[in-house]
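>>> Pasted the sequence and its predicted model underneath.
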Amino acid sequence: MEYFFGFPKGSYAEVLAELRRTRVNSCKTSSIPLADFWRPGHLAQIQDVFAPHLPGFDPASALKFFEFPTEAVRDGKPIGSPSMTDIMVIAPGVQMAIEGKFTEYVKGRDQTIGEWMAVKMAEKVGGHWTPDSRKTYLRNVLRAWFGHIRQAGCTGLVDDDAFFAECMDVSYQFLHRAASACCKADIGNGAVPVLVYQLFFDAKDARHIEKMEQFKADLRHWAETLKLRNMKFLIVSVPITNAADVERRFQSVRGRIFAALRYEAIYQFDFGGIAIDTVVK
């Protein structure tokens, strides 16, 4: 119980039923090992993994929302598209936004804020838009995401001007994922915003491990550039020991793997080999 993806009962089976409707390109799409890792049978081991970093955190009783939307808000109104956190975990004293990655960081690099701005400015948009109004709108979207972090007291950047001057090479996704962790985190009542990047990797693939380490360096750089503070940012590296076997079994997925997850664990995780890097304490 206590899993959610748009249904009131809160069961893991309901989450898997909805995940079957989502688009997956292969069995290595990160939503698959992430859902497998957070299955009910693993929650005691997950608690042991996080215990040194989140004392008292009980994942079994926590609320676990898959594909959790967070709105960017400007002048009291939503602006742009919501940020969809892979899993948002809510527990006493903890609001944890989890971003899962598996092969994404092997295939390519994240789009930076500056690159996102350039792509959006190049898009053809009709109506009343002018280049100046389009630029203002996009900057307001960024102000809204940064505003969630700043309002929570989780950045050392003094204002929007400092953000725009220093953060254009930060990943755009990292910005709104950090904002999701901070938004409405109930900090006044002692809650701690927690950002988690959960990186799955093929334990038998040296290149995969090398790419993961490079991505971890990027994550640390982005956190430092945003001057994150008064929150926790954890990088959780999870070894998968049977990646090749899973790929052979599920060459054509089309949702079938989520049906199988209801009855069995697909991926084998080396829980004893999980490493957690504390980037922001």
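That came through fine.
>>> show me where the stretch 101-250 of the chain has helices.
Ranges of helices in the stretch 101-250 of the chain, per DSSP state H, counting those that start in this stretch, are 104-107, 113-122, 131-151, 160-166, 172-182, 206-225, 243-249.
>>> Please name the residues that touch the residue nearest to Arg109 when sequence neighbours are not counted.
Leaving aside its chain neighbours, Arg109 sits nearest to Asp218 (7.4 Å; criterion: C-beta to C-beta, 6 or more residues apart in numbering). The C-beta positions use only the backbone N, C-alpha and C, and glycine is treated the same way. Asp218 sits next to 109-110, 171 when contact means C-beta atoms under 8 Å, 6 or more residues apart in numbering.
>>> Give the pairing partners of the top strand by length along the chain; include direction for each.
Criterion DSSP state E: the longest strand present in the chain is strand 192-202. When pairing is defined by DSSP bridges, strand 192-202 lines up against strand 94-101 (parallel), strand 232-240 (parallel).
>>> out of those strands, deepest packed?
Mean neighbour count (mean count of other C-beta atoms under 10 Å) peaks for strand 94-101 among the strands paired with strand 192-202, with a mean of 24.
>>> ok, and what's touching that strand?
Applying C-beta under 8 Å, 6+ apart, the contact partners of strand 94-101 are 30-31, 33-34, 54, 57, 62, 68, 85-90, 173, 177-178, 180-181, 184-186, 191-200, 215.
>>> Can you flag the buried ones in those residues?
Neighbour-count burial within those applies to 30-31, 33-34, 54, 57, 62, 68, 85-90, 173, 177-178, 180-181, 185, 191-200, 215; the criterion is 16 or more other C-beta atoms under 10 Å.
>>> Please look at His53 and Lys232 and confirm they touch.
Yes - between His53 and Lys232 there is a contact at 7.0 Å, judged by C-beta atoms under 8 Å.
>>> Identify the contacts common to the two.
Thr278.
>>> Dump the helices of the stretch 101-250 of the chain to TSV, plus distance to Arg256 and mean pLDDT.
Putting the helices of the stretch 101-250 of the chain into TSV (distance: least, C-beta to C-beta, whole Å; pLDDT from 0 to 100) gives the following:
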stretch	distance to Arg256	mean pLDDT
helix 104-107	22	94
helix 113-122	34	96
helix 131-151	36	96
helix 160-166	44	98
helix 172-182	28	97
helix 206-225	24	98
helix 243-249	10	92
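>>> Let me know the average pLDDT across the longest strand of the chain.
Per-residue pLDDT over strand 192-202 has a mean of 97.
>>> what about the residue nearest to Ala260 when sequence neighbours are not counted, neighbour count?
Spatial nearest neighbour of Ala260, excluding adjacent residues (C-beta to C-beta, 6+ apart): Ile266 at 6.1 Å. Here the number of neighbours of Ile266 (other C-beta atoms under 10 Å) works out to 19.
>>> Next, Ile266: phi, psi?
The phi and psi values for Ile266, taken as degrees, to the nearest 10, are phi -90, psi -50.
>>> Now for it: which residues touch it?
27, 32, 36, 246, 249-250, 257, 260.
>>> Turn those residues into JSON lines, including distance to Leu16.
As requested, those are exported to JSON lines (distance: C-beta to C-beta, whole Å):
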{"residue": "Cys27", "distance to Leu16": "14"}
{"residue": "Ile32", "distance to Leu16": "10"}
{"residue": "Asp36", "distance to Leu16": "10"}
{"residue": "Val246", "distance to Leu16": "16"}
{"residue": "Arg249", "distance to Leu16": "17"}
{"residue": "Phe250", "distance to Leu16": "14"}
{"residue": "Ile257", "distance to Leu16": "10"}
{"residue": "Ala260", "distance to Leu16": "9"}
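>>> For those residues, which PyMOL command selects only the ones that are buried?
To isolate the buried ones among the contacts of Ile266 in PyMOL, judged by 16+ other C-beta under 10 Å, type:
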select buried, resi 27+32+36+246+250+257+260
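>>> Let me know the closest of the contacts of Ile266 to Ala13.
Ala260 (12.5 Å; C-beta to C-beta).
>>> which stretch of helix or strand covers the closest one?
Using DSSP states H and E, Ala260 falls within helix 256-261.
>>> ok, the residue nearest to Asp205 when sequence neighbours are not counted - contacts?
Distance criterion C-beta to C-beta, 6+ apart; nearest residue to Asp205, sequence neighbours excluded, is Ala243 at 7.3 Å. When contacts are counted by C-beta under 8 Å, 6+ apart, Ala243 touches 28, 202-205, 267.
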